[in-house]
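Participant: dropping a prediction and its sequence here:
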Amino acid sequence: MKIGKIVKTLTKNRNDIIKTLKKNRNYILFTIAIFASFAIFGFSENVRSTAFPRIQEEFAITELHIGLLLAINSIGYVTACSYTAALAKKIGIKTCMVLTHILMAISGIGIFFSQSYLMLAASFFVLNLGYGMAEISNGIVAATIYTKYTGTMLNLAHFSYGAGAVFAPVAATSLMAVQYGDRLFGWRYMYIIILSFALMPAIPALLGRLKKQDYNKKKTGYALILKKRSLWLTVMILTFGVISEIGIAAWLVGFLEKAYSFPEDQAALRMTLYFVCFTIARLLLGPLIDKIGFINSLVFSAAFAGAMITIGVLIGEAGTPLLVLAGIGTAPVFPTVMAVIAKLFQDEIDLAITSVTTIMGIILVPANLLFGGIIDLLRQIFTDSHGEAGVGMAYSAGFMIVGLCCFASSTFALLLRKRQKKAGQLV
C-alpha cells in the first residue's frame, strides 16, 4: 500500500473516531483512561533498562539476579492476570482500573525505601501486579468499546505505551542525574517520582460508567476455551513476541554498554530511538493492519524484527541502527494479538484475554530467568577463552536469542493463518 493511501485511510478513520468521541461521554472517558494508563505503563516499565545497571552496581548483583528480578516481575504480572477478570465481575471493571494505579503508586514507595535485594524484588512484584491488572482491565474495556477500526484503535491505545517508552530511558537518565545538595537523585527518586503519576489515569476511570454485561456477554468455562487450538497458537505468538520485546527493553542498554563500550547517555539514546520506531509503528500501522489482516501482519512484523536483530548483532557495532529499527516489527505484535482475540473470541473476551495473558506470563517466568542465566554462563565461557573481550561476545550471543524469539512468533502466526484460512475465519 502506498504512503498516500495509508495517510488517507488514517485520516478517514480519525474523522470517524472523532465523531464517535463526540457522541459518547463514556467512550471518551475510558479512552482517556486507557491511553493514559498505557502511557504510564510504558514509561515506568522501560526506565528499568537504564536503572538496572545502576541497581546491579549498588546491590552488587549478577546478570542472573537481574534475570531473577525479571522472573519475579513476570510472576507478579501472571498472578494479576489470573485473578483480574474474576475480580472485575465482583467489584466492577472500573474499580479494577482504579486499584491498578494505586498498586503502581504504592510500589514506587517500596522501591524508594528498598535496602535489600529481597525488598526490591517484593516492590517490583507489587508493581507488576499493577501492570498485570492494567493489561487485563484495559484489554477488556478496549476490546469491548472499540468495535469499529479495532486494529487501528488497539494500536493507537498501545501507541500510548510506546509514547511513554520513548521518553523513559532519557528521562530516567536525566532524573537520576539531578543534584540535590551533595547527592544525586539516583534510581530511587527516579522511580518514586515516575510512579506517583500512576494515579492520574484513575481519575477519568472513576468518572466513567461501564456495565458488567458490556464485557461478559457469554458464560463459557475455561475448560472449553482452553481446548481451542487457535487460543494456544495465539498464546505462542504473544509469548515469543513479548519475550523479544522485554528482552530488548531490559537488555539493550546493558548490551551496548558492555559489548561496544557505549557511554551511558549514548546507550540510553539508542534505547530511546528504538522506542521512537516502536511508537511511530503503532501510530501509523493500524490502518495497514486493518487492511491486510491481523494475522498476516503478525507474520510479517515479527519476521521483520527477527531479521533486524539477527543481522544487526552479526554486523557488530555498525549494526546498532538495525536493532533500533527492530522496534517497527515488535510494536504491532501485542495490540494486534489483542485484536485477534477480540475477533476470534467475541463472546468470551474476558476469558480469552485472561487465558492468553496468564499462560504467557507463566512461560515468561522461566524465560526471563533462563535468559539472565544464559548470559552469565556465556560470559564465564567467553571470558575464560577471550578475556575481557568475552563479555561483549557473551552479550552478543545472548541478544541473538531475542531475534530467534521474533522468528518463533512469526512461525506460530503462520500456523494460525493456515488454520484460520482453512476454517474460513482469517482475520
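Facilitator: Received, thanks.

Participant: how many residues are close by Arg209?
Facilitator: Around Arg209 there are 11 other residues, counting by other Cβ atoms under 10 Å. No exception for glycine: its C-beta is placed from N, CA and C like everyone else's.

Participant: where does the closest residue to it other than its chain neighbours sit, in terms of helix or strand?
Facilitator: Residue nearest to Arg209 in three dimensions, not counting chain neighbours: Asn26, with 5.6 Å by Cβ to Cβ, 6 or more residues apart in numbering. Using DSSP states H and E, Asn26 sits in helix 25-45.

Participant: ok, then the element right after that helix?
Facilitator: helix 48-59.

Participant: that following helix packs against which elements?
Facilitator: Helices and strands touching helix 48-59, as assessed by 3 or more Cβ pairs under 8 Å, 6 or more residues apart in numbering; DSSP states H and E, comprise helix 63-91, helix 117-145, helix 150-176, helix 186-196, helix 229-260, helix 264-284.

Participant: returning to what we had before: could you list the buried residues of the helix holding Asn26?
Facilitator: Neighbour-count burial for helix 25-45 flags 26-45 (criterion: 16 or more other Cβ atoms under 10 Å).

Participant: I figured Asn138 hits Ile40, correct?
Facilitator: No. Between Asn138 and Ile40 there is no contact under Cβ atoms under 8 Å: 11.1 Å.

Participant: and the helix holding Asn26 with helix 150-176, angle?
Facilitator: 40 degrees (axes from the mean of the first three to the mean of the last three Cα atoms, to 10 degrees).

Participant: can we start the residue count at 58 from this point?
Facilitator: Right, with 58 as the first residue, what we last looked at is helix 82-102.

Participant: average pLDDT for helix 82-102?
Facilitator: Mean per-residue pLDDT for helix 82-102: 88.

Participant: please apply the same query to stretch 472-479.
Facilitator: The pLDDT scores in stretch 472-479 average 91.

Participant: who touches it?
Facilitator: By Cβ atoms under 8 Å, 6 or more residues apart in numbering, the surrounding residues in contact with stretch 472-479 are 286-287, 290-291, 294, 352-353, 355-356, 397, 401, 483-484.

Participant: farthest-apart pair in those, please.
Facilitator: Greatest spacing in these, by Cβ to Cβ: Arg286 and Asn353 (19.0 Å).

Participant: quick one: which of those two has more around it?
Facilitator: For Arg286 versus Asn353, neighbours defined as other Cβ under 10 Å are more numerous around Asn353 (18 against 10).

Participant: mind checking how far the strand or helix carrying the more buried one is from the chain centre?
Facilitator: According to DSSP H and E, Asn353 maps onto helix 351-372. Computed by Cα atoms, centre = their mean, to the nearest Å, the chain-centroid distance of helix 351-372 equals 17 Å.

Participant: that one - contacts with which helices or strands?
Facilitator: Partner elements for helix 351-372 (3+ Cβ pairs under 8 Å, 6+ apart): helix 286-317, helix 377-387, helix 390-401, helix 446-479.

Participant: thought the residue nearest to Arg266 was touching Leu267?
Facilitator: Yes. Using Cβ under 8 Å, Asn83 is in contact with Leu267, at 6.7 Å.

Participant: on that earlier part again, let me see the contact set for the residue nearest to Arg266.
Facilitator: 202, 265-267.

Participant: now Pro389
Facilitator: Contacts for Pro389 (Cβ under 8 Å, 6+ apart) come out as 212, 338-339, 342, 346, 354-355, 358.

Participant: do the same with Asp433
Facilitator: 119-121, 124.

Participant: nearest to Ala465 among these?
Facilitator: If you rank these by distance to Ala465 using Cβ to Cβ, Gly124 comes first, at 19.3 Å.

Participant: could you give me the buried positions within the helix or strand hosting Leu281?
Facilitator: Using DSSP H and E, the element containing Leu281 is helix 279-282. By neighbour count on 16+ other Cβ under 10 Å, the buried set for helix 279-282 is Ile282.

Participant: now it: mean pLDDT?
Facilitator: On average, helix 279-282 scores 75.

Participant: check stretch 141-159 too.
Facilitator: For stretch 141-159, the mean pLDDT works out to 87.

Participant: span of it from start to end?
Facilitator: 15 Å (Cα to Cα, to the nearest Å).

Participant: repeat that for stretch 140-155.
Facilitator: One end of stretch 140-155 to the other measures 15 Å (Cα to Cα).
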